[in-house]
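Student: let me see the structure of the following:
(chains A and B)
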Amino acid sequence: MLKSELIISGMAYRIVEKKTVPFISGFVISFCIFFFSVSTSNSQVSRSVYFLEQVPSSAILNPAFHPTCNFFIDMPFLSSFYLGFESPFTFDELTKKWDTGDSLNIDREAVLGVLDPKNYFSFEFYSTLFRGGFRIKNHFIQFNISKAFSTKFSFEKDLASLFLYGNADEQFLGKQFLLSNTGLNMTLYHEFSLGYSIKLANKISIGTRLKYLNGSFNVWTEKMDFMLYTSEDSNFPLTASSDMLIHTSSTISSFNNMIRQITGYKWFDLSQNHGYGFDLGLDYEINDKVSVMASIVDFGWITWKENVKNFTSVNPDAEYTFEGFDVSSFISGGSFTDTVDILDTITDHFGLETTHEAYTSHLNPKLYFGGMWHFMRNNELGLMIRTDFTEEKIKPSLTLNYTHNFGKVLSINTNYSYINKNYYNIGLGVVFRLGPVQLYALNDMVVAIFEPQKARNYNFHVGLSFLFGKPEKKADMPTYSPSE
Amino acid sequence: MIKFKYTAGLLLPAVIFLLSGCIEKELDFDSIKTQNWNAEWAIPLINSQLNLDDLVRDSSGIIHEGDDGLILLIFENQDMITFDASDLGFIPDHQKILTENFIIPDIMPGESVEVPVVFLTTIETDEPGVRLDSCIMKAGSYEIILRTDLNRDDAFVDITIPNLLSTSTLIPLHFVSDISNPGGEEITRDTLIDMNGYTLVFDEAIGPTNHLVINAVVHATGDSNSNNSPYFLKLENYFTDMDYDKCFGYFGQQVITMKDTIMLNMFSINEQGNFTFGPGSINLRINVSNSFGIPVMLDVVDFTAYHYGPTTDSVDVYLFGEGFPSTFDIDYPSLNELGQSVMTEINTENSNINEAVEISAGEMNITVDGHLNPSGDSTINNFAIDTSNVKAEFAVEVGLFGSVSGFKVVDTVDFSIGSIDDIYSLLIVLDAQNWYPLTVALQLDFVDSVYQIVHTLLPPGEIILEAAPVGDPPEYRVTEPTSKLTDIVMVHDEILKLKEVRKILITGLLSTTDNDLVKIYMDYFIHMKIGVKVGINY
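Tutor: Alright, predicted model coming up:
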């Protein structure tokens, strides 16, 4: 399965056994693999904006959305900015108070209790450098230049167990410990997009956005297989094997120093790391009060060519058993010598070979299904189901939203989300408009502000837009239907 | 209403983000002080097959395998008792001032005259009674300063030294000094001869023993100067840094004293207990090589074994038994064997060397006088070359065959440990398979800077290796190994005490089972496996 996956997704340049795959099956497999294969980017914006079609940034989540203006422009460097963080556990889940005093301790049972077999920490931001759009009758064209950063450290529950209990614990002693989904993925890229949407028969909007991606730097753990076996024999011999494949690329130098990558990076530095992507969206108004929508965004890839380093295990999956130091090799005549050859042997066995071959990483596609109910004047209820396709798993989340419009000047929305196995996500947002100026501040996890110790996720999304013109009323708008 | 909307719209984002300041307070990572659990890690530390060479300090070059596979410990003197050609300098720095008068006959201007003047002087030697027949020199300077008051306008001296031949051509040294001196004042002429390339030859045909003959011939031409005869001719002879390549003759009855020490480090750490060696297991070997063409007698004037412990013990070693002088002659090469060494092996089977070893001697001090030409027969022809030497090799060979009882060794090693606050428990598992027929009990005392015991890791008498059983004589071979598993547990308080430790006192007790005789063979080993389980509080 893995070999096929590598061939079809084209993510690695390995000589593998070729197999004949029927066209249809191949297509299906390719599609699935594209969704499920390892990826390195997870750029997104807040969930709240999904329910605010009057905010141009909502089109990021559904390119079919039409802003409620004829022309808009986001101020360069003052437009949309999103920052998000996700953790597999909350601070409260991590810590526990001692019976006496105020100090805390890490409650390992509680931590392990909340961890999934696969987990991750992530941090990301999405910053729009320039954005604009205009309407031509029932067509809306948007263009956008953004910077997206995503970093994610994935780890398995067993790794946490090993760290918290040690290999001498009964769950590891005499048993095999396996890791296969641990690694660091980090990407920074620029996104240049051109969006187009059209309203058909005043009922259906469909849209797409085509993207050119330009990668700045990337760390991608394509493979991290590790095995450790601690024997129950008297001196606890350790047997281990590893099979790793890690890619790095950077525009400023080889990826040797993480700090230098961050401090030495230029804010806007285009590279030879080209990528492409697209989004698709649909918005269907069932009647004046109810509409449903669907979209898939972040379907794309980047081929990394600049300053590429690929780190591959020298002895993939080859087991090495360490039974202790052979004292006789570094003592002579009752005195110790300075060199310990076995350390070199271990280093050599688990060493990484460096190559410089281009590679391709993929964005994390996201699938949105949603609905809106304008149940009262100035009051809307919304539902959105989002599915993230990441390297570890498919992550569904659900958001319920209520928006109240205070005239045309102010909208306040609040929402509730089930995200990342956490039920404690209440969002709050505000959109303020004065003349052409639109200012918004959104948050999906407002509880993280008031009770950060109970939040696994934290994000905020702010933006400033200038909106001009007002679309014609539905009845006055030209329509198009395929039958015409 | 509009005012409210503006206010709310501006304040709400501000409130949301100002509240971010609460995060730092609520997420107080600093308050996570300690954990209520320990992660326990199992680590293989040592997995080794250790033989005697690994286990014994300073054993380099000492452990050898005998013909039957028995371990043979050979302790040799460190610098090899020796004297060499530099100890026989023969010709020291010295000077000889020689003056002779001569008469120039009255001659007519333009006529020439030759007047021979002969000088005879002795070449000094370092030691009395030395007869030099010939010496091929490789270094040294011979300076001849000539002074005369001859007052001739045209005169010179022709000097020939028949004892001093060119080594390559065998032509005697010859040189001419111009002593033309119209004024008649004393004049000086200096001649420096590099002795490298010359051979000193002392032959009765030329002159007496060790005597140098200098033949000077004064050549003068008649002139108008008055004849003030007798004139003097003074030769000042300076011999400096004379060194020979080869020397022949009789070198006298010199005595050269040499000292050396045999270190027996393996026994120096023994504090108490005793061991008994099996018959024939200890041997004293003395081998002497001599490349001087000189009869030499070595007199071992002192051979004492010392054991330095709580009490100092010593034994005088007699090479040939108590009451017998420890002297022996060594062979020397004939003239035909010039440049070769001749070996002399001394039989010491009657020595009491086993008594010396059985006190656990840590060192043996040896003083040897080398007597040249002990017979005093001056007709013997000796020779020496610049590489000649006498080397005496004393070796104590100890075959590991015997029995040990309460053989206590004590050693001290420095110790310091870094941060161990996070280590809460420690289990050390010793798994030893022993092929040696020795029981080993080990005690480790961790002491502070004033040697106060902070912690004792293994209680006194804790046996970590059981003696392997041995078979029948004469091989006394181990029939099967023994295995012993020892758990050493340290709790948190004991671990924390290690921070005060500066040294570890290691006390080991070795015994053979029931004091029976055993043999230690080269292929014996201990398979030692050590694993640790360490409880860590991050």
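Student: spatially nearest residue to B:V518 (excluding sequence neighbours)?
Tutor: B:P437 (4.0 Å; C-beta to C-beta, 6 or more residues apart in numbering or on different chains). (Each C-beta comes from the backbone N, C-alpha and C, glycine too.)
Student: repeat for A:I302
Tutor: Nearest one to A:I302, counting by C-beta to C-beta, 6+ apart, is A:G275 at 3.0 Å.
Student: how about stretch A:130-149, which residues are buried there?
Tutor: A:131-135, A:138, A:140, A:142, A:144-149 (16 or more other C-beta atoms under 10 Å in any protein chain shown).
Student: average pLDDT for that stretch, rounded please.
Tutor: When pLDDT is averaged along stretch A:130-149, the result is 92.
Student: start to end distance for that stretch?
Tutor: 16 Å (C-alpha to C-alpha, to the nearest Å).
Student: let's verify B:D54: helix, strand, or coil?
Tutor: helix (DSSP: H, G, I helix; E, B strand; the rest coil).
Student: residue boundaries of the helices in the stretch 351-500 of chain B?
Tutor: For the stretch 351-500 of chain B, the helices defined by DSSP state H, counting those that start in this stretch cover B:353-358, B:492-497.
Student: picking that back up, in contact with the residue nearest to B:V518: list those residues for me.
Tutor: B:467-470, B:476, B:478, B:512-513, B:518-520 (C-beta atoms under 8 Å, 6 or more residues apart in numbering or on different chains).
Student: also B:P128?
Tutor: B:G252.
Student: report the longest strand in the chain, please.
Tutor: By default, I'm working from chain A. strand A:204-230 (DSSP state E).
Student: meant chain B, my bad for not saying
Tutor: Longest strand in chain B, counting by DSSP E: strand B:231-250.
Student: show me which of the contacts of B:P437 are buried.
Tutor: By 16+ other C-beta under 10 Å, the contacts of B:P437 give B:467-468, B:470, B:476, B:478, B:512, B:518-520 as buried.
Student: circling back to that earlier point, okay, the residue nearest to B:V518 and chain A: tell me how far apart.
Tutor: 21 Å (C-beta to the nearest C-beta, to the nearest Å).
Student: for that residue, what are phi and psi?
Tutor: phi -80, psi 40 (degrees, to the nearest 10).
Student: farthest-apart pair in the buried ones among the contacts of B:P437, please.
Tutor: B:A467 and B:K519 (13.0 Å; C-beta to C-beta).
Student: what's the closest of the helices of the stretch 351-500 of chain B to chain A?
Tutor: helix B:492-497 (15.8 Å; C-beta to the nearest C-beta).
Student: re the thing from before, isn't the residue nearest to A:I302 right up against A:T303?
Tutor: Yes: using C-beta atoms under 8 Å, A:G275 is in contact with A:T303, at 6.3 Å.
Student: most tightly surrounded among the helices of the stretch 351-500 of chain B?
Tutor: helix B:353-358 (a mean of 22; mean count of other C-beta atoms under 10 Å in any protein chain shown).
Student: quick check: mean pLDDT of that helix?
Tutor: Here the average pLDDT along helix B:353-358 is 88.
Student: do stretch B:64-82 as well
Tutor: 86.
Student: output the below-cut-off pLDDT ranges for the chain.
Tutor: Let's take chain A. Residue ranges of chain A with pLDDT under 70: A:1-44, A:77, A:253-267, A:328-342, A:391-392, A:420, A:472-484.
Student: please refer instead to chain B.
Tutor: B:1-36, B:55-60, B:89, B:268-271.
Student: what comes up buried for stretch A:112-127?
Tutor: Those would be A:114-115, A:118-120, A:122-127, for stretch A:112-127 by 16+ other C-beta under 10 Å.
Student: ok, residue 83 - how many residues close by?
Tutor: Picking chain A for this. A count of nearby residues for A:L83, using other C-beta atoms under 10 Å in any protein chain shown, gives 16.
Student: wrong one, I was asking about chain B
Tutor: 21.
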